[in-house]
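Asks: sequence below, structure please.
(one chain, ligands or ions: 1)
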Amino acid sequence: MSSGKGRAIAPATGKLGILLPGMGAVATTFIAGVEAIRSGLVKPVGSVTQTGTIRLGKRTEKRSPLVKDFVPLAELKDIEFAGWDCFPDNAYVAAKKAGVLHYEHLAALKPFLETVSPWPAVFDQNYVKKLQATHVKTGKTKMDLAEQVMADIESFRKAKNLARLVMVWCGSTEVYKKETAVHQTIEAFEQGLRDNDPDIAPSMIYAYAAIKMGIPYANGAPNLSADFPALIDLARKTGTPIGGKDFKTGQTLMKTILAPGLKARLLGVDGWFSTNILGNRDGEVLEDPDSFKTKEVSKLSVLDEILQPHLYPDLYGKIHHVVRINYYPPRGDNKEGWDNIDIFGWMGYPMQIKIDFLCRDSILAAPLVLDLALFFDLAKRAQMSGIQEWLSFYFKSPQVAPGLYPEHDLFIQLMKLKNTLRHLRGEDLITHLGLEYYD
Ligand SMILES: NC(=O)c1ccc[n+]([C@@H]2O[C@H](COP(=O)([O-])OP(=O)(O)OC[C@H]3O[C@@H](n4cnc5c(N)ncnc54)[C@H](O)[C@@H]3O)[C@@H](O)[C@H]2O)c1
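Replies: Numbering: from 1, shown residues only. Next comes the predicted model:
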């Protein structure tokens, strides 16, 4: 039974181009994985769009189609890749250097990966201090650079005969910046591009280029990028879906799984100490305190929003929440994240929880890039413009409408995502009330 007609959604016919500013560990693991799935080498583990199902109607109806059969998504065979990087390595060389994938996968995918080479980047050393870029665009103004990005996109669209495009930022984390006057209106921002305003970061230039062209933009890093009034307004005006920030993987994923459980049982939390060692390029960039600050803000916000200390001052009013990231080259992309959680229960008795997550950062992030690209493309075809809060599931620091606090609880986020899909298709939303089974 459905509650209505749902929304008109344009079909996913033709090819979808996925644009990746930043072709490092995450982006190349994503490209390699999609090609490995297309070749039948592996299964799409970790991807809601490829592997997930969605329950429809009452439990007695036993309707649980695959998500990809329920909403019209681009098919993997129709995807083309392109991107930018401040190093000229093609996706094979970059993947090899990133050290995520085993030799057997690299060897099998080499011919395909070698076909994807980055365009020169829009880069500014002031925003990523640890990288010595060698493959960068030059231009008199930041507006010239934005136009060069748009020209790259246009050439890709023509060369591959693409029907649609999406952009997912997979570039390094930029230094911490707050919005200033130049970020407040479209006019101020465009003037700032022409005047080379120092507060306009490279990631904002890519975001502007995409949004101006009506291309959906998702931000996988914590830097502002498209999270300020000028680009949010531009997205509404150009009918473009946008969202971010910062892929939710690893330690924060664990936090947003565990913290809602502790809160559900009303167990108190005195402290949550999180520390990581990782040795990939991301870790190296985050060694710079200004880039780390951007990441820290993104990681720290999660607990407050989930535990709501203002509603539960006795349980969560005095938490010591500490997050550390240590660059430790021997580990490469295989991050180790430790959490020590000091909790307390009935009559205030203390207890401890320890987590030691030996994860693979890019393996956790790659399926998120795929889902984001496909869902943002869906949003565009469903005429959903501006911030896509229903995709908070994928982000550490979800963008939301002004005045709203973000929803961090992974399970509420998943419900929001699936209910949005049901809403798009005119199916009843699932409330989990269930009283009707007992009438
Ligand atoms: N792997 C994860 O689990 C995870 C989770 C959340 C967020 N992230 C974020 O995703 C991003 C990518 O992570 P990664 O592990 O692939 O890092 P990486 O260092 O391997 O790749 C980033 C790439 O971006 C390039 N780059 C930097 N500035 C650029 C610019 N202005 N234009 C184009 N390219 C640029 C770098 O040369 C590098 O190749 C980082 O910001 C990271 O913080 C990763």
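
Asks: residue of the chain nearest the ligand, please.
Replies: The nearest approach of the chain to the ligand comes at G24, 1.9 Å away (Cβ to the nearest ligand atom). Every C-beta, even on glycine, is put in place using the N, C-alpha and C of the backbone.

Asks: do stretch 149-158 and the ligand meet?
Replies: No. Residues of stretch 149-158 are not located near the ligand by Cβ under 6 Å from any ligand atom, the shortest gap being 9.6 Å.

Asks: what's next to that stretch, contact-wise?
Replies: For stretch 149-158, the external contacting residues (Cβ atoms under 8 Å, 6 or more residues apart in numbering) are 17, 19, 80, 82, 84, 119, 122, 162, 165, 205-206, 209-210, 212-213, 215.

Asks: out of those residues, which is most surrounded?
Replies: Ranked by neighbour count (other Cβ atoms under 10 Å), the contacts of stretch 149-158 have A210 at the top, with 30 neighbours.

Asks: so that residue is in contact with S225, correct?
Replies: No. Using Cβ atoms under 8 Å, A210 makes no contact with S225, being 10.3 Å away.

Asks: now for these two: what residues contact both?
Replies: With Cβ under 8 Å, 6+ apart, A210 and S225 have common neighbours Y217.

Asks: residues of the stretch 301-439 of the chain that sit close to the ligand?
Replies: Close to the ligand, as judged by Cβ under 6 Å from any ligand atom, the stretch 301-439 of the chain has residues D361, S362, L364, A365.

Asks: among those, which are in helices?
Replies: If you go by DSSP state H, those have D361, S362, L364, A365 in helices.

Asks: the stretch 251-400 of the chain: strands as residue ranges?
Replies: Secondary structure of the stretch 251-400 of the chain (DSSP state E, counting those that start in this stretch): strands at 268-278, 320-327, 336-344, 350-358, 386-387.

Asks: any chance of TSV for the ones you listed, columns mean neighbour count and mean pLDDT?
Replies: Output for these, formatted as TSV (neighbours: other Cβ atoms under 10 Å; pLDDT from 0 to 100):
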stretch	mean neighbour count	mean pLDDT
strand 268-278	20	94
strand 320-327	16	92
strand 336-344	17	96
strand 350-358	11	97
strand 386-387	21	98
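
Asks: can you redo those strands as JSON lines with distance to I200?
Replies: Output for the strands of the stretch 251-400 of the chain, formatted as JSON lines (distance: least, Cβ to Cβ, whole Å):
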{"stretch": "strand 268-278", "distance to I200": "29"}
{"stretch": "strand 320-327", "distance to I200": "27"}
{"stretch": "strand 336-344", "distance to I200": "33"}
{"stretch": "strand 350-358", "distance to I200": "36"}
{"stretch": "strand 386-387", "distance to I200": "20"}
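
Asks: so for A259, which of these sits nearest?
Replies: Closest to A259 of the strands of the stretch 251-400 of the chain, according to Cβ to Cβ: strand 268-278, at 7.9 Å.

Asks: so that closest one versus strand 336-344, what angle?
Replies: Put simply, strand 268-278 runs at 170 degrees to strand 336-344, going by axes from the mean of the first three to the mean of the last three Cα atoms, to 10 degrees.

Asks: for strand 268-278, which helices and strands make contact with it?
Replies: Applying 3 or more Cβ pairs under 8 Å, 6 or more residues apart in numbering; DSSP states H and E, we find strand 268-278 packed against helix 250-264, helix 289-307, helix 313-316, strand 320-327, strand 336-344.

Asks: any chance of JSON lines for these, columns distance to P350?
Replies: Converted to JSON lines, these look like this (distance: least, Cβ to Cβ, whole Å):
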{"stretch": "helix 250-264", "distance to P350": "14"}
{"stretch": "helix 289-307", "distance to P350": "17"}
{"stretch": "helix 313-316", "distance to P350": "13"}
{"stretch": "strand 320-327", "distance to P350": "13"}
{"stretch": "strand 336-344", "distance to P350": "5"}
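
Asks: which stretches of the stretch 51-200 of the chain have low pLDDT?
Replies: In the predicted model, the stretch 51-200 of the chain carries no residue with pLDDT under 70.
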